[in-house]
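Enquirer: show me the folded form of this:
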Amino acid sequence: AAVVHPPVAVERFRWDQPRDDVYLCLCRLVPYKRVDLVVEAFNRTGLPLVVIGDGPERARLEALAGPTVSLLGRLGSAEVSGWLSRCRAYVYAGLEDFGIAPLEAMAAGAPVIGLGQGGLLDTVRCLVRGDSQPTGVLFPEQSVAALVAALEQFEAQRLWQQLPAESLRQWAEQFSPERFRGRMAAAIERAWGEHQRGLARAAGPPGSLRVVGRRRRHVAHADDGQTLDVHSELHGGRAVQRADRFIADTHQIRQLLLRVEVPVRAKPVFPIAPLIDVELTGVVLGSQAFGGCEVTLIQILEEQIGL
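Expert: Numbers count the residues shown, from 1 in each chain. From the prediction side, this is the model:
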């Protein structure tokens, strides 16, 4: 399946500022973020770490923190942006499905040292793995030992010198709101095209609609002004409908069901005008096509073809 990543407000951050030797961890202080691993790793290495954020883990982390670790609590947006723009690297040990903060760090020119699992595999280009346009270093498992090894390699080889801030910012801009809008529009356009082609295939050849017990002939009008002969029939909990003339351009039909052929007690998905997939549960339909309200199958037939 195609993935459209959420947008990141990269324009908020300056990437061209002088950088300090301090490392930064920025997130909510909750258990799954695993800030305890980060704090313990910096206790072992003796490297300077600033932790920004608040949450139920704060007291425990303050008790765990060694002399090189500072917890600043919750800060304002401008202060957060300033720290991201001048830290040596952003450190993150949580498992995320995406992760906004690492991309904000890269937008501010900061390399990322993060867990090589989950969403960071999509957003962080690993230098030691040989990725093109690298943006940081990924460690393989959620453990203090793995993070310590990554920090020691980052320091010993001075890897930040191989991760220029401007290149990191260029990578982060691929996740900007403008890029998101373009990707989302393209994804919707592709899905809409596939949906229309599916409707055309499902409509089948021209025919007529017949209903035992309430046989009646009707005339329905399409948007192009042409008249369609329609017959209707309701029989055995099954509704079957076809127009005598199938219009290939489905946009021409607004108020007419092209084809419905579903057992009332099943849960299929079938097309109705204006081209919205609707699930049938029992004899009740819920659809935006009818103002978001629930209507019965009989009501749909009455409203759409004048039963």
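Enquirer: all contacts plus neighbour counts: C-alpha atoms, from now on.
Expert: Fine.
Enquirer: in the chain, spot the helix with the most residues.
Expert: helix 177-203 (DSSP state H).
Enquirer: surely residue 116 touches residue 140?
Expert: Yes - with contact defined as Cα atoms under 8 Å, residue 116 reaches residue 140; the gap is 5.2 Å.
Enquirer: can you pick out the residue with more neighbours from the two?
Expert: Counted by other Cα atoms under 10 Å, residue 116 and residue 140 do not tie: residue 116 has more neighbours, with 20 against 13.
Enquirer: ok, the more buried one - contacts?
Expert: By Cα atoms under 8 Å, 6 or more residues apart in numbering, residue 116 lies in contact with 138-141.
Enquirer: from the residues you listed, list the buried ones, please.
Expert: The neighbour-count test (16 or more other Cα atoms under 10 Å) marks 138-139 as buried among the contacts of residue 116.
Enquirer: wait, which of the contacts of residue 116 is closest to residue 58?
Expert: Nearest to residue 58 among the contacts of residue 116 is residue 141, at 23.5 Å by Cα to Cα.
Enquirer: gap between residue 34 and residue 50?
Expert: Distance from residue 34 to residue 50, counting by Cα to Cα, to the nearest Å: 15 Å.
Enquirer: look at the two and report which has more neighbours.
Expert: Legend: neighbour count by other Cα under 10 Å for residue 34 and residue 50, higher for residue 50 (21 against 18).
Enquirer: what sits up against the helix or strand the more buried one falls within?
Expert: Here residue 50 sits within strand 49-52, counting by DSSP states H and E. Strand 49-52 is contacted from outside by 22-27, 39, 42, 68-75, 80, using Cα under 8 Å, 6+ apart.
Enquirer: just the buried ones from the residues you listed, in ChimeraX syntax?
Expert: Buried residues among those (16+ other Cα under 10 Å), as a ChimeraX selection:
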select :22,23,24,25,26,27,39,42,68,69,70,71,74
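Enquirer: among the contacts of strand 49-52, which ones are in helices?
Expert: Those of those mapping onto helices are 39, 42, 80, per DSSP H.
Enquirer: so what's residue 57 up against?
Expert: Residue 57 neighbours (Cα under 8 Å, 6+ apart): 29-31.
Enquirer: now those in JSON lines, with distance to residue 193?
Expert: Shown next, in JSON lines, are the contacts of residue 57 (distance: Cα to Cα, whole Å):
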{"residue": "29", "distance to residue 193": "44"}
{"residue": "30", "distance to residue 193": "43"}
{"residue": "31", "distance to residue 193": "44"}
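Enquirer: buried subset of those?
Expert: The buried subset of these - by 16+ other Cα under 10 Å - is residue 29.
Enquirer: specify which member of the contacts of residue 57 is nearest to residue 105.
Expert: residue 29 (17.7 Å).
Enquirer: tell me the contacts of the closest residue to that closest one other than its chain neighbours?
Expert: In space, and not counting its chain neighbours, residue 29 is closest to residue 55: 4.4 Å by Cα to Cα, 6 or more residues apart in numbering. By Cα under 8 Å, 6+ apart, residue 55 lies in contact with 28-30.
Enquirer: list just the nearest of the residues you listed to residue 172.
Expert: Looking across the contacts of residue 55 and measuring by Cα to Cα, the closest to residue 172 is residue 28, at 21.7 Å.
Enquirer: give me the distance between the closest one and residue 21.
Expert: 23 Å.
Enquirer: what number of residues lie near residue 124?
Expert: Close neighbours of residue 124, defined as other Cα under 10 Å, add up to 27.
Enquirer: go on, residue 176?
Expert: Here the number of neighbours of residue 176 (other Cα under 10 Å) works out to 19.
Enquirer: my read: it touches residue 9, true?
Expert: Yes - between residue 176 and residue 9 there is a contact under Cα under 8 Å: 6.0 Å.
Enquirer: related to what we said a few turns ago, who has more neighbours out of residue 28 and residue 21?
Expert: Neighbour tally, residue 28 and residue 21, criterion other Cα under 10 Å: the higher count belongs to residue 28, 19 against 12.
Enquirer: who's in contact with that one?
Expert: The contact partners of residue 28, by Cα under 8 Å, 6+ apart, come to 53-55.
Enquirer: what about it, distance to residue 53?
Expert: Counting by Cα to Cα - residue 28 and residue 53 are separated by 5 Å.
Enquirer: check residue 86 too.
Expert: 17 Å.
Enquirer: more neighbours: which of the two?
Expert: Higher neighbour count among residue 86 and residue 53: residue 86, with 23 against 18, using other Cα under 10 Å.
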